[in-house]
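> Sequence first, then the predicted structure, then my questions.
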Amino acid sequence: MLSKYDLVCFDMDGTLTRTRSTWSWIHQCLGTEDEEGYQLFVNGKITEQEFMRMDIAVWKSVKPDLCRKDLIRIFQTIPLIEGIQETVATLQEAGMKCVIISGGIDLAANMLANEFGFDAVAADSLEMDADGVLTGEGVKVVDLQDKSVWVRKFMEEYGTTPERTVSIGNSFTDIPMFKSSGFSIAINADEYTEAAATVKLKTDNIADILDLIIFDKE
């Protein structure tokens, strides 16, 4: 039974991963933290670009030569939600494109895309020099205040409409995606985010979304 949808947009951090973010996972692995930067950002005191710069500076304070190879090793250990492979394969078999839209780090998102077969990725990047060492700058690709921009871009790329698009996320930054999609799922989310979604779901296995999307069992 084929779905009535063409496109499924997944948040990454906290949705596909079991950690708050790929940024915080690097902190955890390096034994650092940037709670100050996080609070400044969520309270609108600094920009997303400034927040990225603060995070990277903290990492480099303990590992000045932090490089791409280090990050690959770090992201290979990030805990993931169960069922990603089954979910992506089943949705694609039913004719849907599966994409990641994240304010997380593109290196991690691309690793997930390569492993599980996502069709495309939009995520922030870390600037590196010719040797792959972090320069200290981040590259903002996804605006956390309006992730719907990328939902619309992927709808245009795949020739579909909001009514035939699904968005899945876990936090307030995913609400603009929900509003741009005909169907939305708040997965393991707070009450504020759940209230903005079509349906809410608490689960340890993301494959539980398949009944909602393919068979419309709300």
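Great, that's in hand.

> and the helix of greatest length in the chain, which residues are buried?
For the chain, the helix with the greatest residue count under DSSP state H is helix 48-62. For helix 48-62, the neighbour count (16 or more other CB atoms under 10 Å) marks 48, 51-56, 58-60 as buried. Where you see a C-beta, it was placed from the backbone N, CA and C, and this is true even at glycine.

> do the same with stretch 40-47
So, applying 16+ other CB under 10 Å, buried residues of stretch 40-47: 40-41, 46.

> how about these in TSV, adding secondary structure?
Supplementary listing: these in TSV, determined by DSSP: H, G, I helix; E, B strand; the rest coil:
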residue	secondary structure
40	helix
41	helix
46	coil
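
> Out of these, which comes closest to residue 137?
Proximity of the buried residues of stretch 40-47 to residue 137 (CB to CB) peaks at residue 46, which lies at 14.8 Å.

> on that earlier part again, quick one: mean pLDDT over the longest helix of the chain.
Helix 48-62 shows an average pLDDT of 94 in the prediction.

> and it, how far out from the chain's middle?
19 Å (CA atoms, centre = their mean, to the nearest Å).

> lowest-confidence helix or strand of the chain?
Each helix and strand of the chain was given a mean pLDDT (mean pLDDT, DSSP states H and E); the minimum falls on helix 35-42 at a mean of 88.

> Residues touching that one, excluding its own?
By CB atoms under 8 Å, 6 or more residues apart in numbering, the list of residues contacting helix 35-42 from outside reads 45-48, 50-51, 54-55, 58.

> Next: stretch 10-23.
Against stretch 10-23 from outside (CB under 8 Å, 6+ apart): 25, 28, 52, 55, 75, 78-81, 84, 98-105, 108-109, 112, 118, 123, 147, 167-171, 173-174, 177, 187-188, 206.
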